[in-house]
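Visitor: the sequence and its predicted three-dimensional model are supplied below.
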Amino acid sequence: VHKPSGWQVDVEDILEGIPRLSAFVQSLLPRRRWPLLHGTEYQSGFLHRLDVPSSGLILVATDHAALFGSQVELAIGCIRRDYVCLCHGLLQAHRNEVRAHLQWQAIGNLPTMVMPGGRPALTRLQRLAWTIRIPRAWSLVDIRIATGRRHQIRVHTAHIGHPSASD
C-alpha cells in the first residue's frame with residue numbers, strides 16, 4: 001500500500017487530526033473477509049511503518065500466514081528496505097554507512113536518540129546526486145536500512161550532520 005506524506009500508519013499512538021493508513025485500508029477491505037486488518041493484536045497486518053512526513057510503500061498482510069511468513073523474511077534480511085531521501089548538506093561520497101545505537105523512550109514521548117546503551121542500528125548510504133543553491137547544499141541519498149529502528153533514517157542522517165529535508 002502506498003502511504004502518502006502527512007499520513008500516519010500506526011494503529012496505536014494515534015495522532016489526532018492526521019489521516020490513518022490503517023483506517024483507509026480497513027475501509028476498503030471488510031472485516032468479515034479480512035479480520036486481521038481490523039484488529040490491533042497484530043498491528044492490523046502492517047509489517048512496518050513510515051514517519052508521518054514520509055511517503056512510500058508499506059507492506060500489509062491480509063492473513064496470518066502471510067504476516068508471520070513476511071515477519072520472518074523481514075527479520076532475517078530477505079526483504080530489503082530501500083529509501084531515497086533528500087538531506088541537508090553535501091554528503092561526502094565516501095560516507096557509505098552509519099552505525100549508531102538508537103534509544104527510543106515510550107514514556108514521555110521523547111524522540112529517538114543516538115545513545116551508547118540503545119539498540120544497534122545500521123543504515124547504508126549512497127549519495128546519488130547533489131546540488132548547491134547558495135547558501136544551501138542538498139544531497140539526494142539512496143538509503144538501505146538493515147535494522148529498522150523507530151525513526152532510524154531521520155536520526156542517523158541527523159547524527160552525521162545531514163538531517164532529512166523535512167527535519
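Guide: Sure thing, it's come through. In this text, all values refer to a predicted model and were calculated from it rather than measured experimentally.

Visitor: quick one: secondary structure of the nearest residue in space to His64 that is not next to it in sequence?
Guide: The shortest distance from His64 to any residue other than its chain neighbours is 6.2 Å, reached at Leu36 (CB to CB, 6 or more residues apart in numbering). In short, each C-beta sits where N, CA and C put it, glycine included. Look at Leu36: counting by DSSP: H, G, I helix; E, B strand; the rest coil, its state is helix.

Visitor: ok, now which ones touch Leu36?
Guide: Each residue near Leu36 by CB atoms under 8 Å, 6 or more residues apart in numbering is listed here: 42, 44-45, 61-64, 67.

Visitor: now intersect these with the strands, please.
Guide: With strands identified by DSSP state E, none of the entries of these belong to them.

Visitor: of these, closest to Asp10?
Guide: If you rank these by distance to Asp10 using CB to CB, Ser44 comes first, at 9.3 Å.

Visitor: please tell me I have it right and the closest one contacts Val25.
Guide: Yes: the criterion here is CB atoms under 8 Å, and Ser44 meets it with Val25 at 7.3 Å.

Visitor: the two: which has the busier surroundings?
Guide: Each of Ser44 and Val25 has its neighbours counted (other CB atoms under 10 Å); Ser44 has more, 23 against 20.

Visitor: mind listing what the longest strand anywhere in the chain pairs with, with the direction of each?
Guide: Among the elements of type strand in the chain, defined by DSSP E, the one spanning the most residues is strand 122-133. In the sheet, strand 122-133 lines up against strand 97-99 (antiparallel), strand 136-145 (antiparallel) (DSSP bridges).

Visitor: model confidence over the shortest one, on average?
Guide: Same thing as strand 97-99. The average pLDDT within strand 97-99 is 97.

Visitor: quick one: list the elements packing against the next helix or strand after it.
Guide: Next in sequence after strand 97-99, counting helices and strands by DSSP states H and E, comes strand 102-103. Secondary-structure packing of strand 102-103 (3 or more CB pairs under 8 Å, 6 or more residues apart in numbering; DSSP states H and E): strand 113-114, helix 152-159.

Visitor: hang on, the earlier thing: tell me the angle the longest strand of the chain makes with helix 152-159.
Guide: Put simply, strand 122-133 runs at 60 degrees to helix 152-159, going by axes from the mean of the first three to the mean of the last three CA atoms, to 10 degrees.

Visitor: next one: strand 122-133 to chain centre, how far?
Guide: The chain centroid and the centroid of strand 122-133 are separated by 18 Å under CA atoms, centre = their mean, to the nearest Å.
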